[in-house]
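Novice: got a predicted structure plus its sequence, pasted below:
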Amino acid sequence: MHRYRRLRRKELPIDTRELARFLIGKALVHDSPNGRMSGRIVETEAYGVGDAAAHSFRGMTPRNRSLFLEHGHAYVYFIYGTWFCLNVSGEAEGVGGGVLLRALDPAEGADLMLRRRPGAPLHKLACGPGCLATALGIGKRHDGVDLCAPGELWLGAPDRRWAPPSIGRSVRIGITKEAHRPLRFFERGNPCVSGPRGLLR
DNA sequence: TGCACGATAATCT
DNA sequence: GATTATCGTGCAA
């Protein structure tokens, strides 16, 4: 049985890029009505201040307002008519920025995740931001949730049995603006990381 | 293993 | 009306 401690807001860096790196190897936990689903965060991307690829770049709108909440809040958006994606806000209140969670290495509740992603092998259950949200049952109702407060969706400290990650860095995936900036972070050698093989260094 | 491509709808211009 | 921080399929090699 895994036992996680909730991360306190004080422990999170107040800087989107630092937070993206910090979150590799931490836990994401969803205590759903059907039971707990959790996993080790193995891939993130930073979308911070002054970044033309960030949803927050052009200021606050009804869609992106959660990115302007104090660091440690969830920003959930819907994309391509099909998928949800989960971000963690990364700046002080009123300053926009967020970390896109791209992949998890499933720990608890893989059976529950599999129910939402039938047929997926374990290493592809929560591989890619859309799949991650689907597997964990994350949707618009989680937009604006405080991930450091008591609630069903939260960030956890690493399980003590987990080895500390070796962290790799690369350009981000699926964007055209600011495409050259190395703002993607991932755990080296973890099979659950998404994206082309060429980006695995 | 590595691409090209279509599905699909909210959001913004 | 254009754009999009995606994914799964299909086809080539």
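Specialist: Structure received.

Novice: every contact and neighbour count from this point should use C-alpha atoms.
Specialist: Will do.

Novice: look up how far A:Ala126 lies from the nearest residue to A:His123 once chain neighbours are set aside.
Specialist: Leaving aside its sequence neighbours, A:His123 sits nearest to A:Cys192 (C-alpha to C-alpha, 6 or more residues apart in numbering; 4.6 Å). Applying C-alpha to C-alpha, to the nearest Å, the value for A:Cys192 to A:Ala126 is 7 Å.

Novice: anything in contact with each of these two?
Specialist: Counting by C-alpha atoms under 8 Å, 6 or more residues apart in numbering, the common neighbours of A:Cys192 and A:Ala126 are A:Ala103, A:Leu104, A:Asp105.

Novice: okay, and the second one sits in which element?
Specialist: In this structure, A:Leu104 is located in strand A:98-108 according to DSSP states H and E.

Novice: so which elements touch that strand?
Specialist: helix A:16-23, strand A:35-47, strand A:83-89, helix A:129-136 (3 or more C-alpha pairs under 8 Å, 6 or more residues apart in numbering; DSSP states H and E).

Novice: what residues does chain A put near DNA strand B?
Specialist: Taking C-alpha under 7 Å from any atom of the strand as the contact definition, chain A meets DNA strand B at A:58, A:61-64, A:78-82, A:196-198.

Novice: go through those and flag which are in strands.
Specialist: A:Phe78, A:Ile79 (DSSP state E).

Novice: as CSV, the residues of chain A next to DNA strand B with distance to A:Asp159, neighbour count and pLDDT would be great.
Specialist: Output for those, formatted as CSV (distance: C-alpha to C-alpha, whole Å; neighbours: other C-alpha atoms under 10 Å; pLDDT from 0 to 100):
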residue, distance to A:Asp159, neighbour count, pLDDT
A:Arg58, 38, 13, 90
A:Thr61, 37, 12, 92
A:Pro62, 36, 6, 90
A:Arg63, 34, 14, 92
A:Asn64, 32, 21, 95
A:Phe78, 31, 14, 93
A:Ile79, 32, 10, 92
A:Tyr80, 34, 7, 90
A:Gly81, 35, 6, 88
A:Thr82, 32, 8, 90
A:Pro196, 28, 8, 77
A:Arg197, 28, 8, 70
A:Gly198, 30, 7, 67
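
Novice: as TSV, the residues of chain A next to DNA strand B with distance to DNA strand C would be great.
Specialist: As requested, the residues of chain A next to DNA strand B are exported to TSV (distance: C-alpha to the nearest atom of the strand, whole Å):
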residue	distance to DNA strand C
A:Arg58	11
A:Thr61	12
A:Pro62	14
A:Arg63	11
A:Asn64	8
A:Phe78	8
A:Ile79	5
A:Tyr80	5
A:Gly81	7
A:Thr82	7
A:Pro196	11
A:Arg197	14
A:Gly198	16
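
Novice: in chain A, what residue is nearest DNA strand B?
Specialist: A:Gly81 (3.2 Å; C-alpha to the nearest atom of the strand).

Novice: tell me the pLDDT of A:Gly119.
Specialist: Confidence at A:Gly119, expressed as pLDDT, is 88.
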